[in-house]
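Got a predicted structure here, sequence first:
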Amino acid sequence: MTALVIRGDARTLPLPDASVDLIVTSPPYFGLRSYTDGGEHYAGQIGDEPTPGEYVDNLLDCTREWMRVLKPEGSLWVNLGDKYAQNGAPAKSLLGLPWRYALACIDDLGLILRAEVIWSKPNGLPESVTDRVGRSHEQWFHLVKQPRYFSAVDEIREPHTAPGRTAGARAFGARNASITRTGTGAYEGPNPLGKLPGSVWEVATQPLRVPGELGVDHYAAFPTEWPRRLILGWSPAGICTACGEGRRPVIYSPRRNRRYRERVRLGIRPEITGYACACPTPDAPTRPAVVLDPCGGTGTTALVASVLGRVGITVDRSADYCRIAQWRTQDPGERARALGLPKPQPVPEGQSPLFEVEAS
């Protein structure tokens with residue numbers, strides 16, 4: 001489990017071509033926050049452009065570089081927030097920055113936009129407005145280079161929920177004989193591992209408490225739940241050293257396995273039974289996938305990637321944020337929190353850690 005903290009620029013990454021399996025990132029939002037380096041605002045940072053158009057142009061320059069380091073079968077997930085006009089657009093107009101970026105990725109970079117996922121924030125901050133709805137969501141975009149790319153979405157399927165109305169449940173049952181009705185709770189649906197995640201994910205924001213001795217006053221971190229789902233769903237648990245392909249989960253299929261209904265009748269729920277690649281038998285060793293956040297900030301993506309057995313790389317221009325990322329990726333409490341576990345007891349002095357963190 002490795003996390004690499006690199007001080008660098010998202011537009012010129014110190015990484016080889018086609019070396020990254022997945023990119024999960026949240027670039028600085030336009031005109032929202034001043035990031036510091038050594039406690040001082042630094043020029044040329046993304047989000048500090050004078051116009052929305054220049055902001056999107058800079059993001060496209062970054063994305064060209066991200067595509068250079070991303071493998072052909074890799075995915076890019078980008079989170080962006082929007083902003084209301086202050087100048088250069090009609091007063092009080094929402095600028096539509098996330099979609100300006102997404103459409104430019106299609107039109108100018110030739111990327112494939114596979115999905116827009118809405119981040120619904122149940123604990124979003126209140127707004128002091130009285131003539132419009134409050135904004136309680138942001139966008140995540142899933143972009144790929146080619147139609148065939150790595151996906152292990154079976155890892156993040158959700159439990160089926162029976163329809164609330166009796167008539168709806170009866171109609172659904174008529175269409176699928178394998179459903180086992182259990183009141184209004186869970187049932188066995190078409191896929192034994194559950195349903196695909198929808199396009200709206202409700203994820204609460206997550207506070208980050210940085211030790212005072214790091215000397216950084218302003219920071220922003222997205223919840224660890226976001227990279228957790230994306231890393232499990234779109235990066236391989238291991239890459240075969242023989243064929244070079246990421247291993248995908250293998251499950252019992254109701255269409256291919258005649259024992260499926262009997263297993264359901266006995267209350268045995270099918271599970272992921274193994275992982276397969278292009279090799280006839282998956283007996284070659286594997287190496288970990290590489291997950292990158294080129295606008296790494298506080299190191300959330302690298303932290304989660306490392307605890308999930310991947311190599312997590314976080315890149316940021318700010319020495320202040322690299323300090324936070326270095327602390328987070330090696331702190332036992334932060335690593336436990338990323339896994340949803342209780343904070344462990346302090347490691348005795350002189351005992352070797354089970355992970356490494358590098359900075360450059």
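Yes, it's here. The structure displayed is predicted, hence computed values, not measured ones.

Give me the secondary structure label for the closest residue to Arg100 other than its chain neighbours.
Nearest residue to Arg100, sequence neighbours excluded (C-beta to C-beta, 6 or more residues apart in numbering): Val56, at 5.0 Å. From N, CA and C alone the C-beta is placed, and that goes for glycine too. Counting by DSSP: H, G, I helix; E, B strand; the rest coil, the backbone at Val56 sits in helix.

which residue is nearest the middle of the chain?
Computing the C-alpha centroid of the chain and ranking residues by C-alpha atoms, centre = their mean puts Pro227 first, at 3.1 Å.

pretty sure Pro98 is touching Phe141, no?
Yes: at 7.1 Å, Pro98 counts as touching Phe141 under the criterion of C-beta atoms under 8 Å.

which neighbours do the two share?
Between them, Pro98 and Phe141 share these contacting residues under C-beta atoms under 8 Å, 6 or more residues apart in numbering: Leu80.

hmm, back to that, could I get the contacting residues of the residue nearest to the centre of the chain?
24, 291, 300-301, 304-305.

Over to Asp316?
The contact partners of Asp316, by C-beta under 8 Å, 6+ apart, come to 6-8, 295-297, 322, 325.

Same question for Ala204.
Contacts of Ala204 by C-beta under 8 Å, 6+ apart are 121-123, 223.

Out of the contacts of Asp316, which end up buried?
Among the contacts of Asp316, the ones that count as buried by 16 or more other C-beta atoms under 10 Å are 6-8, 295-297, 322, 325.

Now pLDDT too, for the contacts of Asp316, in CSV please.
Output for these, formatted as CSV (pLDDT from 0 to 100):
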residue, pLDDT
Ile6, 97
Arg7, 96
Gly8, 96
Cys295, 96
Gly296, 95
Gly297, 92
Cys322, 93
Ala325, 95
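
Just the ones in strands from the residues you listed, please.
Secondary structure from DSSP state E places 6-7 of the contacts of Asp316 in strands.

which one of the contacts of Asp316 is nearest Ala102?
Nearest to Ala102 out of the contacts of Asp316 is Cys295 (C-beta to C-beta; 16.5 Å).

Identify the residues contacting that closest one.
Each residue near Cys295 by C-beta under 8 Å, 6+ apart is listed here: 10, 25-28, 46, 62, 315-316.

Can you tell me which of the buried ones among the contacts of Asp316 is nearest Gly39?
After measuring the buried ones among the contacts of Asp316 against Gly39 - C-beta to C-beta - the closest member comes out as Cys322, at 13.5 Å.

contacting residues for the residue nearest to Arg100?
So Val56 contacts 97, 100-101, 104 (C-beta under 8 Å, 6+ apart).

Mind doing that once more with 10 Å?
Val56 makes contacts with 30, 49, 80, 95, 97-98, 100-105, 108, as judged by C-beta atoms under 10 Å, 6 or more residues apart in numbering.

And Ser93, by the same measure?
84-85.

What are the phi and psi values at it?
phi -80, psi 140 (degrees, to the nearest 10).

Likewise for Trp119?
phi -90, psi 100.

List the residues that contact it.
Here Trp119 is in contact with 79, 81, 136-140, 200-203, 205, 222-223, 226 (C-beta under 10 Å, 6+ apart).

residue ranges of the strands in the stretch 101-250 of the chain, please?
112-120, 137-144, 200-202, 239-240, 248-251 (DSSP state E, counting those that start in this stretch).

among these, which is nearest Thr329?
Closest among the strands of the stretch 101-250 of the chain, once you apply C-beta to C-beta, is strand 239-240, at 21.5 Å.
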